[in-house]
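Undergrad: give me a 3D structure for the following:
(one chain, ligands or ions: 4)
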Amino acid sequence: MSPLSQNKFLAFFLLCCALTCTTLLFSFTFSDPPFHFLKYASRISGSFFSKDICACDTCMADVGGDAWLADRFNQSILPLMTRDNSALSDDTYRWWQWLQREGNPANYTRVVEELFRLIPDEGGFMDAGPQRCRTCSVVGNSGNLKGSSYGKLIDTSDLVIRMNKAPTKGFEKDVGARTTHHVMYPESAIDLSNTTSLVLVPFKTLDLQWMISALTTGTIRGTYMPVKAWIKANKDKVVVINPRFIKYVYESWLEGHGRYPSTGFLTLMFALHICDEVNVFGFGADQHGNWHHYWEHNHLAGAFRHTGVHDGDHEYNITVTLADKHKVQLFGGR
Ligand SMILES: *[C@@H]1O[C@H](CO)[C@@H](O)[C@H](O)[C@H]1NC(C)=O
Ligand SMILES: *[C@@H]1O[C@H](CO)[C@@H](O)[C@H](O)[C@H]1NC(C)=O
Ligand SMILES: *[C@@H]1O[C@H](CO)[C@@H](O)[C@H](O)[C@H]1NC(C)=O
Ligand SMILES: *[C@@H]1O[C@H](CO)[C@@H](O)[C@H](O)[C@H]1NC(C)=O
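TA: Ligands and ions are numbered 1, 2, ... in the order given. Next comes the predicted model:
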């Protein structure tokens with residue numbers, strides 16, 4: 001053979017090799033298990049084939065190759081307090097104590113010890129895996145829920161998480177009727193049904209003491225404002241957000257915007273950490289740009305947005321970005 005046809009032969013041979021390899025790889029990839037290649041690919045490239053992470057179509061825990069997400073989402077930070085993880089570093093404790101400038105706080109360690117004699121010490125939710133597809137509805141309190149008819153859709157999720165003073169009675173068509181978790185702090189507390197889990201967000205040691213008191217003696221009646229002395233709630237279903245988690249949300253997700261995260265944003269982050277699929281309702285303004293609660297008639301009542309404590313714009317920006325990345329599904333007003 002001439003050098004030219006030798007080269008041609010070599011090129012042909014290489015082409016055949018390449019084709020064979022591709023075909024083999026292709027059939028290996030799309031045959032039934034083993035799915036090794038796909039599993040590996042999904043770790044790198046994200047949500048397409050995340051069946052090894054959870055049983056939903058897309059999995060919250062799958063950050064794929066998204067650097068923005070990977071920079072912020074730290075799944076080793078557990079949202080709920082247990083006896084074991086309750087101890088705070090000096091740094092975290094000082095930051096947390098500063099949030100609401102509590103003077104003369106009680107001994108945190110002792111209060112936590114007393115609290116866990118009353119409520120379960122379980123942590124919970126950390127059962128993620130290929131068998132689990134936990135869907136969640138996070139229901140904010142925006143007036144954009146009015147007339148939305150989202151009620152049925154909200155209620156179909158495994159967990160329905162509401163917050164603060166949110167009522168359902170009389171608003172079922174738009175906001176749903178089920179509540180598996182209700183996130184609150186002493187100043188925003190309402191009575192709950194026996195089947196709902198109270199999720200306490202403590203912003204000071206007194207909030208932990210209030211939780212004990214509100215379920216037992218009713219002696220604490222005020223913080224920086226009057227609070228409910230007693231609360232109707234199932235003490236076997238009370239859980240507490242770890243101050244360490246609040247600090248992580250503030251630093252990692254909000255990058256120091258505002259003084260600390262709002263309950264709405266903390267609730268969304270809680271859902272990110274415990275759910276496989278997150279549906280978000282009632283966040284943001286209504287179609288007229290008003291920031292009021294769905295149960296209020298006064299459209300000017302939305303003082304909660306610009307309190308100087310929370311950066312609502314930044315929080316909403318993060319929420320929208322998560323939706324753009326298809327990590328959460330954001331149901332806007334309509
Ligand atoms: C996540 O948090 C853990 C515990 O604080 C820390 O050790 C780890 O470095 C963090 N990971 C990232 C990627 O920031
Ligand atoms: C708080 O109480 C714990 C346990 O009773 C004790 O070890 C600790 O020294 C106390 N801390 C302070 C600051 O008094
Ligand atoms: C509430 O639930 C607990 C179990 O979590 C049960 O022991 C208690 O009897 C229930 N209370 C009511 C009023 O149904
Ligand atoms: C969020 O803020 C960033 C930086 O300020 C900006 O580039 C981006 O467009 C904003 N995204 C949304 C959805 O508002």
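Undergrad: ok, how many other residues are close to the residue in the chain positioned nearest to ligand 2?
TA: For the chain and ligand 2, the shortest gap (CB to the nearest ligand atom) falls at residue 107, measuring 3.7 Å. C-beta coordinates here come from the backbone N, C-alpha and C atoms, glycine included. Neighbour count for residue 107, taken as other CB atoms under 10 Å: 10.
Undergrad: kindly report the same for the one 10 residues further on.
TA: Residues near residue 117, counting by other CB under 10 Å, number 8.
Undergrad: could you say which helix or strand holds it?
TA: When elements are assigned from DSSP states H and E, residue 117 belongs to helix 108-118.
Undergrad: what comes up buried for that helix?
TA: By neighbour count on 16 or more other CB atoms under 10 Å, the buried set for helix 108-118 is 108, 111-112, 115.
Undergrad: do the same with stretch 121-135
TA: In stretch 121-135, the ones that count as buried by 16+ other CB under 10 Å are 123, 125, 128, 134.
Undergrad: now the end-to-end length of it.
TA: With CA to CA, to the nearest Å as the measure, stretch 121-135 spans 24 Å from end to end.
Undergrad: same question for stretch 79-93.
TA: 16 Å.
Undergrad: do stretch 296-314 as well
TA: Stretch 296-314 has its terminal residues 24 Å apart, counting by CA to CA.
Undergrad: ok, and what's touching stretch 324-334?
TA: 47, 58, 60, 66, 68-69, 142-145, 147-148, 150, 153, 268, 272, 277-281, 283-287, 319-320, 322-323 (CB atoms under 8 Å, 6 or more residues apart in numbering).
Undergrad: tell me which helix or strand comes right after the lowest-mean-pLDDT helix or strand in the chain.
TA: The weakest-scoring helix or strand in the chain, judged by mean pLDDT, DSSP states H and E, is helix 36-45 (a mean of 44). Note on helix 36-45: by DSSP H and E, the next helix or strand toward the C-terminus is helix 67-72.
Undergrad: state the mean pLDDT of that next one.
TA: The average pLDDT within helix 67-72 is 96.
Undergrad: what of stretch 168-179?
TA: 96.
Undergrad: just the buried residues of that stretch, please?
TA: For stretch 168-179, by 16+ other CB under 10 Å, it's 168, 171, 174-176, 178-179.
Undergrad: what ranges does the protein have for its strands?
TA: Using DSSP state E, the strands found in the chain span residues 135-139, 159-163, 181-184, 197-200, 239-240, 277-281, 328-331.
Undergrad: look up the closest residue to residue 295, ignoring the ones flanking it.
TA: Leaving aside its chain neighbours, residue 295 sits nearest to residue 167 (5.6 Å; criterion: CB to CB, 6 or more residues apart in numbering).
Undergrad: close to ligand 2: what parts of the stretch 101-250 of the chain are there?
TA: Proximity of the stretch 101-250 of the chain to ligand 2 (CB under 6 Å from any ligand atom) is limited to residues 107, 109-110.
Undergrad: what separation do you get for the closest residue to residue 69 other than its chain neighbours and residue 296?
TA: Closest residue to residue 69 apart from its sequence neighbours, by CB to CB, 6+ apart: residue 63 at 4.6 Å. According to CB to CB, to the nearest Å, residue 63 stands 38 Å off from residue 296.
Undergrad: who's more crowded, these two?
TA: Ranked by neighbour count (other CB under 10 Å), residue 63 and residue 296 place residue 63 first, with 21 against 15.
Undergrad: could I get the pLDDT score of the more buried one?
TA: With respect to pLDDT, residue 63 has a value of 92.
Undergrad: now it: how far from residue 279?
TA: To residue 279, residue 63 is 19 Å away according to CB to CB.
Undergrad: where do the domain boundaries of this structure fall?
TA: The chain is divided into the following domains under automatic domain parsing: 3-49, 67-331.
Undergrad: hmm, the last one in reach of ligand 3?
TA: By that I understand domain 67-331. Yes - under the criterion of CB under 6 Å from any ligand atom, domain 67-331 makes contact with ligand 3 via 194, 234, 236.
Undergrad: let me have the residues you listed in JSON lines, extended by pLDDT.
TA: Converted to JSON lines, these look like this (pLDDT from 0 to 100):
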{"residue": "194", "pLDDT": "96"}
{"residue": "234", "pLDDT": "98"}
{"residue": "236", "pLDDT": "97"}
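Undergrad: ramachandran coordinates for the residue of the chain found nearest ligand 1?
TA: Residue nearest to ligand 1 within the chain (CB to the nearest ligand atom): residue 74, separated by 3.7 Å. Dihedral angles of residue 74 (phi, psi; degrees, to the nearest 10) stand at phi -110, psi 100.
Undergrad: mind checking the end-to-end distance for stretch 296-315?
TA: Span of stretch 296-315 from end to end, CA to CA: 22 Å.
Undergrad: which single residue of the stretch 201-334 of the chain ends up nearest ligand 3?
TA: residue 236 (4.1 Å).
Undergrad: separation between that residue and residue 184?
TA: Applying CB to CB, the value for residue 236 to residue 184 is 17 Å.
Undergrad: that'll do, ta.
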